[in-house]
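Chemist: Sequence plus predicted model, see below.
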Amino acid sequence: MTKIEQYGWNTNWQKKINAPGIPGRVTLEHKNLYRVVTENGEWLCSLSGKYRHQHHGTEFPCVGDWVMTEQMPGEEKGIIQQVLPRTSQFSRKGAGETSDIQLIAVNVDTVFLSMSLNHDFNVRRLERYLLAAWDSGSNPVIVLTKKDQCQDIDPYMRQVESVAFGVPVFAVSALTGEGIEELQKQLSSSKTGALLGSSGVGKSSLINALSGSEQMMVQDIRKDDSKGRHTTTHREMILLPAGGLMIDTPGMREFQLGDYSEGIEAGFSDVEELAIACRFRDCAHHDEPGCSVQEALQNGALDAGRYGSYLKLKRELAHMERKSDAAAQKAERNKWKQLTKDSRKRPVKKN
C-alpha cells in the first residue's frame, strides 16, 4: 500500500479530479496554511489566488479534504488548485449571533462522539452531537471514556440507549486499554474517524492509546466538576499504526446547531413517528384529541426530557433558518445595489 493509499486514496477519489496537479490530503489547518500529504511527501500549502477569489467559507479546505496541489519549484511547499467534492461534512454554527457555519471535519467515515463516565455525561448534549452526525453523512459511534473511574456503567448505558437507537456504544479506558482494540476495528481498511467531545473527556488520552504513543499532550481535569482544560487547540489528522486515521478536534462544550433538519428526522425518529400517528395532520401536540405524542408522554413511552430537547432543537433550527434567509436576502440586495452602482459609473456611449 502506498503512502497516499494509507490516507484513504482510491479510484473513487481519482474520478473526481478535474484540475491539474498532484492529489493530497489535508492533515492540518492553521491560519490559511495547510499541511498536505502527497505521494511525494508532506507539503505546506496555501490556496491559489484564483481559488481564493472564486470560493469562500466552507468551500475552503478543511482537515480531511482531498486537494489537487502543484509543488513550488525546489521547495517542499505547494499551491492548492482544487478541493475534491466531499463525501461527508461535519459542521456546527459559529459562536455568537452569526449564522455562519464552521467546518469541523470532512470526508469522515465514522464520527466518534465521546463523553466521560463522570460529571461530564450529558444525554441532552449527546442528542445534539447525534443530530449533527446523522446529518453529516458519517456513521456515529458513541464512546464512553474513563470506564476505570466508574463503578457502575449500567445507568449511563440505559440513558445512551434511550436516545441512540441502533448506534454502537463502546465503554473504554485509555488507562487500562479496555475497549481500545474494539474501537480500532471501526477504522479498518484506511477508514477515517473524527473524535468529538467536550474538553476533559479524554480525547487526547484516547488518541495516545490508539496510536500506542504520546502523540497528544494530556492535561488533568478539575476534580470539583470533572471539567477539563483545552488540550487540543487545532484539528489534526493522525495515521494510526494499526491502520486507519483519526481526526482530533478541540473540545466543544457548547454545540450550536447549523441546518440539521434531516438530522432531526434520524436522531428523533421516535418522536417524529409519534407525530405522524396523531389524528390531525396539523396537531400541535398540546391538548388536541388523538394526539399520540401527549399519549406517549402520559403513559411514559416518551421521556419528557427528551421531548423537551426535541422542541428546543426544533426552535433553534427554525431560528437558524430565519436568520439564514434574512442573510441571503441581504446579500442578494447588496449584490444588486453594487451592480446598479457599477452600471452608473460606466460612461454612456454616444452615437
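Modeler: That came through, no problem.
Chemist: Okay, buried residues for stretch 3-17 please.
Modeler: Under the neighbour-count criterion of 16 or more other C-beta atoms under 10 Å, stretch 3-17 has Ile4, Gln6, Tyr7, Gly8, Trp9, Trp13 buried. For the C-beta atoms, the positions are set from N, CA and C on the backbone; glycine is no exception.
Chemist: domains of the chain?
Modeler: 3-83, 89-248, 261-323 (automatic domain parsing).
Chemist: Residues in contact with whichever strand or helix holds Gln298: which ones?
Modeler: According to DSSP states H and E, Gln298 maps onto helix 292-299. Defining contact as C-beta atoms under 8 Å, 6 or more residues apart in numbering, one finds that helix 292-299 is touched by 271, 274-275, 277-278, 283, 285-288, 301-302, 304, 307.
Chemist: switch to 10 Å and redo it
Modeler: 270-271, 273-279, 283-288, 291, 301-304, 306-307, 310 (C-beta atoms under 10 Å, 6 or more residues apart in numbering).
Chemist: still on that earlier bit, including pLDDT and secondary structure, could the buried residues of stretch 3-17 go into a markdown table?
Modeler: Formatted as a markdown table, the buried residues of stretch 3-17 follow (pLDDT from 0 to 100; DSSP: H, G, I helix; E, B strand; the rest coil):
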| residue | pLDDT | secondary structure |
| --- | --- | --- |
| Ile4 | 92 | helix |
| Gln6 | 93 | helix |
| Tyr7 | 95 | coil |
| Gly8 | 94 | coil |
| Trp9 | 94 | coil |
| Trp13 | 94 | helix |
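Chemist: all helices of the stretch 1-150 of the chain, in order?
Modeler: Assigned by DSSP state H, counting those that start in this stretch, the stretch 1-150 of the chain shows helices spanning 3-6, 11-14, 49-54, 123-136.
Chemist: Of the ones you listed, which is nearest Ile238?
Modeler: Closest approach to Ile238 among these (C-beta to C-beta): helix 3-6, 11.9 Å.
Chemist: which secondary structure elements does the closest one contact?
Modeler: With contacts defined as 3 or more C-beta pairs under 10 Å, 6 or more residues apart in numbering; DSSP states H and E, helix 3-6 has these neighbours: strand 22-30, strand 33-38.
Chemist: out of those, nearest to Ala194?
Modeler: strand 22-30 (12.8 Å).
Chemist: Output the lowest mean pLDDT helix or strand found in the chain.
Modeler: Ranking every helix and strand in the chain by mean pLDDT, DSSP states H and E puts helix 261-267 at the bottom, with a mean of 61.
Chemist: what's the residue closest to the geometric middle of the protein?
Modeler: Centroid-nearest residue in the chain: Phe90, 2.8 Å away (criterion: C-alpha atoms, centre = their mean).
Chemist: and that residue, what does it touch?
Modeler: With C-beta under 10 Å, 6+ apart, Phe90 has these contacts: 62, 64, 103-108, 111, 129, 132-133, 135-138, 194, 196, 247, 249, 258.
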